[in-house]
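**Q** Please work out how this folds:
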Amino acid sequence: MTNLRHLEALELIDLLLDSSNEAIHLLDDVVTSLCERLDTLMLINLTKTQFYFLHPACFLNLRVLKISPQNLGEEMIELLRNNKRMRELHIIMNNYTEPTQTSLDRRVWARARYKVFLR
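**A** Numbers count the residues shown, from 1 in each chain. Take a look at the predicted model:
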């Protein structure tokens with residue numbers, strides 16, 4: 001990961017990791033290397049099953065986050081609210097996205113300071 005420290009955008013698409021621990025360790029490494037540099041992050045189907053991450057909120061200069069619904073939780077939405085640079089949140093599903101029963105409180109969305117797109 002140290003070789004990637006100048007990246008400004010990172011896309012992790014359809015990794016479909018079985019273990020949440022694998023995903024956590026991967027994102028820990030990404031945050032450690034790119035927390036100040038990354039401005040666009042795409043996490044589409046990082047895990048096969050529903051698992052919420054807080055890692056995207058650790059990127060200080062993040063402006064655009066594209067993420068699958070199974071990895072999006074209320075706590076992350078709240079934390080992203082504190083990032084003054086955050087502009088866009090894209091919630092993306094594709095053929096590999098498992099249906100989820102996630103329902104987020106409408107008040108969480110009302111407090112968001114960024115635009116939200118569904119795809």
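**Q** in this structure, which helix or strand is least confident?
**A** Here the helix or strand of the chain ranked lowest by mean pLDDT, DSSP states H and E is helix 106-110, holding a mean of 86.
**Q** after that helix, next one along is what?
**A** Once helix 106-110 ends, the next helix or strand along the chain (criterion: DSSP states H and E) is strand 115-118.
**Q** what does that following strand rub up against?
**A** R87, E88, L89, H90, I91, W109 (Cβ atoms under 8 Å, 6 or more residues apart in numbering). For glycine as for every other residue, the C-beta is placed from the backbone atoms N, C-alpha and C.
**Q** Mind listing the strands that strand pairs with, and their directions?
**A** Paired strands of strand 115-118, with direction, are strand 88-91 (parallel) (DSSP bridges).
**Q** Next, the buried residues of the strand it pairs with.
**A** L89 (16 or more other Cβ atoms under 10 Å).
**Q** next one: that strand to chain centre, how far?
**A** Between the centre of strand 88-91 and the centre of its chain there are 9 Å (Cα atoms, centre = their mean, to the nearest Å).
**Q** Only the C-alpha atoms, please, for that strand, written as CSV.
**A** Extracted in CSV, the C-alpha atoms of strand 88-91 (Å, rounded to 0.1, in the frame of the first residue of the first chain):
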residue,chain,number,x,y,z
GLU,A,88,-21.6,13.3,-3.1
LEU,A,89,-22.8,10.0,-1.8
HIS,A,90,-23.7,7.5,-4.5
ILE,A,91,-25.5,4.3,-3.4
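**Q** what residues does that strand touch?
**A** Under Cβ under 8 Å, 6+ apart, the answer for strand 88-91 is 63-69, 72, 77, 80, 112, 114-119.
**Q** Quick check: PyMOL command selecting the buried ones in the residues you listed.
**A** Entered in PyMOL, the line below selects the buried ones among these, by 16+ other Cβ under 10 Å:
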select buried, resi 63+64+65+66+67+68+69+72+77+80+114
